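>>> When you get a sec, could you give me coordinates for this:
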Amino acid sequence: MDAFEVNRARAKLALFVADVFASVPRKDQRAKGDCYLRGLMLDGRRKSIQAMAERLPDGNEQNLQQFVNQSTWDPVPVRRRIAERMVPQIGPDAWAVDDVSFPKDGNQSVAVAPQYCGALGKQANCQVAVSVHAVSDTASCPLQWRLFVPEEWAHDAGRRKKAGMPEGVGHREKWRLALDTFDELAGWGLVPPVVVADAAYGQNADFRAGLSERGIGYVVAVRSDVTVHPHGTEPLTPPWSGHGRKPQPRYRDKPSPVVALAAGQGRQAFTEVTWREGSRGPMRSHFLAVRVRPAGGRARRLARAAATAQAGCWNGVLPEVTLLIEWPEGAEAPTGYWLSNLPAGTPVAELVRRLAKIRWRIEHDYRELKHGLGLDHFEGRSGAGWHHHVTLVTAAHAFLTEQRLAPKADTADSPSTRSSTPSKTC
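Numbers count the residues shown, from 1 in each chain. Prediction:
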């Protein structure tokens, strides 16, 4: 947004801030929140506090630094109000879970460590956060964030103290952070219609089981090496001799990787599906849905534990899910795989159009949050400062999303977050 657009939106922004930041106790703090949001939305390559203060007519670098880095206002009620406000407006088809990285220099910024950095496509010094977004085909918004704490930070008392990391915050795997987030959002009265995720999460049997245990439907990507049994096969229990431990039921045939199962179906079994209009015309491909039973030692142990907890015994039958396979026109073999626990018979077109191919919105969010609103421009080191900044960026994104969803939001004067760097069209 340029200065003219920001000024045009001041009255609406003031009402938005009054609602979303109502939990912030002091009037002067809420005023700083309003100022910070305007700084984030105002055009400019860098959205650090110093750069924003220089561009804002009422910007005061010292006041904004104190508001973000030292002030004790709680960001969680602010995020909750944003989520409560945005979910009804977006009317999500799904919630998307993903993680985003922030390259960093040095080793003192909260939770920074050498780890895989998606922003750079390689191992690098960075912070990583897990986020959950409400997503439809026309709009999306982050609902909650979790900062991933690497193992090296779990017991480094010196760095934890300098970064202000609370004692109860330690290392948890990203998939656990995602499930924690769903639990927190459920406590706010927000439940996903269905969850979508890439293979970094979908590949994990514990993550899928955690969603099923919570009664949450999912459509998650998996790699081609995930093994499954055809849905019609049943386990057999070898006869017991009467001596030693009773044999456990097991499947006679070895499971097959999904790539082998898919290739055996034949191209003629796949149906063409168009899921949306892209910048270059309709986006379409060929898909097939088959019922399978995910295999592997971890999947087997989870199924046995769940069955034992419910019925006291296990008959060896693995849970049945849908395997969605994509085989694009012109490709020599299938290229994409998803597992879903939605009811059998869910139309392929629904799995594709509303769910498997909706994750592009979260990539759109990350581009807008980073390039347009400075999500990764925070220069402080403290955990409190990081959470304050992320919350303020989320608020700015939510406000702009509201303006775009409002009637006549597609006019030339609509607020926008023009990126200072070019971005590809989804």
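>>> Checking residue 298 next. Helix, strand or coil?
Following DSSP: H, G, I helix; E, B strand; the rest coil, we place residue 298 in the helix state.
>>> ok, now residue 5?
Under three-state DSSP, residue 5 comes out as helix.
>>> Which pLDDT does the model give it?
What the model reports for residue 5 is a pLDDT of 89.
>>> Please apply the same query to residue 313.
77.
>>> Equivalent analysis for residue 44, please.
Residue-level pLDDT assigned to residue 44 equals 89.
>>> Quick check: it touching residue 56?
No: applying Cβ atoms under 8 Å as the test, residue 44 and residue 56 come out as separate, 10.0 Å apart. Just so you know, the C-beta spots here come from the backbone N, C-alpha and C atoms, and that holds for glycine as well.
>>> any idea how far the closest residue to residue 267 other than its chain neighbours lies from residue 347?
Computed as Cβ to Cβ, 6 or more residues apart in numbering, the closest residue to residue 267 that is not its neighbour in sequence is residue 327, at 6.2 Å. Going from residue 327 to residue 347 by Cβ to Cβ, to the nearest Å gives 18 Å.
>>> For residue 344, grab phi and psi.
phi -60, psi 140 (degrees, to the nearest 10).
>>> just checking, it touches residue 323?
No: in this structure residue 344 lies outside contact range of residue 323 using Cβ under 8 Å: 11.8 Å.
>>> Which of those two has more residues huddled nearby?
Taking neighbours as other Cβ atoms under 10 Å, residue 344 and residue 323 compare with residue 323 leading, 23 against 11.
>>> Can you classify the more buried one as helix, strand or coil?
Under three-state DSSP, residue 323 falls in the strand class.
>>> Quick one: residues contacting it.
228, 258, 261, 289-292, 337-339 (Cβ atoms under 8 Å, 6 or more residues apart in numbering).
>>> so which of the residues you listed is the most crowded?
residue 338 (28 neighbours).
>>> secondary structure class for that residue?
Quick answer, by three-state DSSP: residue 338 is strand.
>>> Excluding covalently adjacent residues, which one is nearest to it?
Excluding the flanking residues, the one nearest residue 338 by Cβ to Cβ, 6+ apart is residue 324, at 4.2 Å.
>>> next one: residue 166
Residue 166 sits nearest to residue 383 (Cβ to Cβ, 6+ apart), 7.7 Å away.
>>> re the thing from before, count of residues packed around the residue nearest to residue 338?
Applying other Cβ under 10 Å, I find that residue 324 has 24 neighbouring residues.
>>> related to what we said a few turns ago, number of nearby residues for the residue nearest to residue 166?
Neighbours around residue 383, by other Cβ under 10 Å: 19.
>>> Please give me every residue in contact with it.
Residue 383 touches 110-111, 147, 163-166, 169, counting by Cβ under 8 Å, 6+ apart.
>>> ok so, going back, which of residue 327 and residue 347 has more residues huddled nearby?
Between residue 327 and residue 347, residue 327 has the larger neighbour count (other Cβ under 10 Å), namely 22 against 12.
>>> my guess is the more buried one contacts residue 334, does it?
Yes: look at residue 327 against residue 334 with Cβ under 8 Å: they come within range, at 4.4 Å.
>>> ok so, going back, surely the residue nearest to residue 338 touches residue 341?
No: using Cβ under 8 Å, residue 324 is not in contact with residue 341; the gap is 11.8 Å.
>>> Is the closest residue to residue 353 other than its chain neighbours part of a helix or strand, or is it coil?
What sits nearest to residue 353 in space, not counting adjacent residues and going by Cβ to Cβ, 6+ apart, is residue 275, at 4.3 Å. With three-state DSSP as the basis, residue 275 sits in strand.
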